[in-house]
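Participant: I'll drop the sequence and a predicted model, then ask my questions.
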Amino acid sequence: MHSITELLARAGGGDNLAANELFGRLYPEIKRIARARLAEAGGVTGLDATTLVHEGFLRIADSEGLRGTSRGQFFAYVGRVLRTTVIDHLRARHAHKRGGEAVFVTLSHAEADDAAVVRGDVDLAELDDALARMRELDVGLYELIEMNAFAGMGLDEIAQLRQVSTRTINRDLLKARALLAELMRGNAAALS
């Protein structure tokens with residue numbers, strides 16, 4: 001049996017068998033992430049976790065291929081693909097309504113022992129714009145938000161993947177959340 005890192009490298013190089021094996025091995029974990037994203041979006045009519053995972057992987061295969069050389073990078077990427085898939089689905093559903101219903105999600109992943117979790121309602125489109133700007137400014141902090149908030153990875157798991165202490169991850173996560181909040185405020189001010 002191949003390691004996830006080896007499968008990622010092979011799949012990134014165009015090996016379809018490795019991509020299929022990777023998908024099969026990580027499917028339950030990715031489906032769990034998809035369920036969490038849908039729950040945070042307050043449920044999305046016409047989109048369930050299975051459909052979200054499959055549509056996300058179709059997007060990956062059709063456009064860019066698999067990204068990431070490590071498990072952490074891969075799950076940050078999958079978290080982004082699932083998030084944008086939900087956003088696109090919601091935008092399409094509300095396209096016929098000019099200024100349709102605002103969709104709110106909680107920007108956090110609920111871990112009882114994570115005191116630094118940011119809770120608050122945000123508009124998915126504004127969040128997506130702010131995250132795109134964040135990726136341009138600091139890709140490391142952007143990936144940290146993707147891994148924690150969107151891929152549902154805990155601080156210990158991220159610390160192990162990045163080979164740093166949990167304290168370092170917590171500090172960087174505070175920086176990432178502050179930057180994202182500032183970008184969200186900047187986006188709101190630009191829209192006013």
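Facilitator: Looks like it came in fine.
Participant: burial check on residue 55, number of neighbours?
Facilitator: Residues within reach of residue 55, counting by other C-beta atoms under 10 Å, total 18. C-beta: built from backbone N, CA, C; applies to glycine.
Participant: so how far is residue 160 from it?
Facilitator: 30 Å (C-beta to C-beta, to the nearest Å).
Participant: likewise residue 24?
Facilitator: Distance of residue 24 to residue 160, given as C-beta to C-beta: 24 Å.
Participant: give me the more crowded residue out of these two.
Facilitator: Higher neighbour count among residue 24 and residue 160: residue 160, with 15 against 10, using other C-beta under 10 Å.
Participant: hang on, that one is in a helix, isn't it?
Facilitator: Yes: per DSSP: H, G, I helix; E, B strand; the rest coil, residue 160 lies within a helix segment.
Participant: tell me the pLDDT of it.
Facilitator: With respect to pLDDT, residue 160 scores 87.
Participant: same question, residue 29
Facilitator: On pLDDT, residue 29 comes in at 85.
Participant: give me the element it is part of.
Facilitator: helix 16-40 (DSSP states H and E).
Participant: hey, where'd the helices end up in the protein?
Facilitator: With helices called from DSSP state H, the chain shows them at 4-12, 16-40, 49-59, 71-94, 124-137, 139-145, 155-162, 166-191.
Participant: now do the fourth one and helix 155-162, the angle between them.
Facilitator: Angular relation of helix 71-94 and helix 155-162 on a 0 to 180 degree scale: 120 degrees, by axes from the mean of the first three to the mean of the last three C-alpha atoms, to 10 degrees.
Participant: before we move on, what about the second one?
Facilitator: With the same axes, to 10 degrees as the basis, helix 16-40 and helix 155-162 are set at 150 degrees to each other.
Participant: show me what counts as buried in helix 16-40.
Facilitator: By 16 or more other C-beta atoms under 10 Å, the buried positions in helix 16-40 come out as 18-19, 21-23, 26, 30-31, 33-38, 40.
Participant: quick one: contacts for the closest residue to residue 168 other than its chain neighbours?
Facilitator: Leaving aside its sequence neighbours, residue 168 sits nearest to residue 159 (C-beta to C-beta, 6 or more residues apart in numbering; 7.0 Å). Counting by C-beta atoms under 8 Å, 6 or more residues apart in numbering, residue 159 touches 165-166, 168-169.
Participant: rebuild those residues as JSON lines, extending it with neighbour count and pLDDT.
Facilitator: Shown next, in JSON lines, are these (neighbours: other C-beta atoms under 10 Å; pLDDT from 0 to 100):
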{"residue": "165", "neighbour count": "11", "pLDDT": "94"}
{"residue": "166", "neighbour count": "14", "pLDDT": "93"}
{"residue": "168", "neighbour count": "14", "pLDDT": "94"}
{"residue": "169", "neighbour count": "24", "pLDDT": "93"}
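Participant: so which of the residues you listed comes closest to residue 49?
Facilitator: Comparing the contacts of residue 159 against residue 49 with C-beta to C-beta places residue 169 closest, at 27.1 Å.
Participant: my read is that the closest one contacts residue 157, right?
Facilitator: No: using C-beta atoms under 8 Å, residue 169 is not in contact with residue 157; the gap is 9.3 Å.
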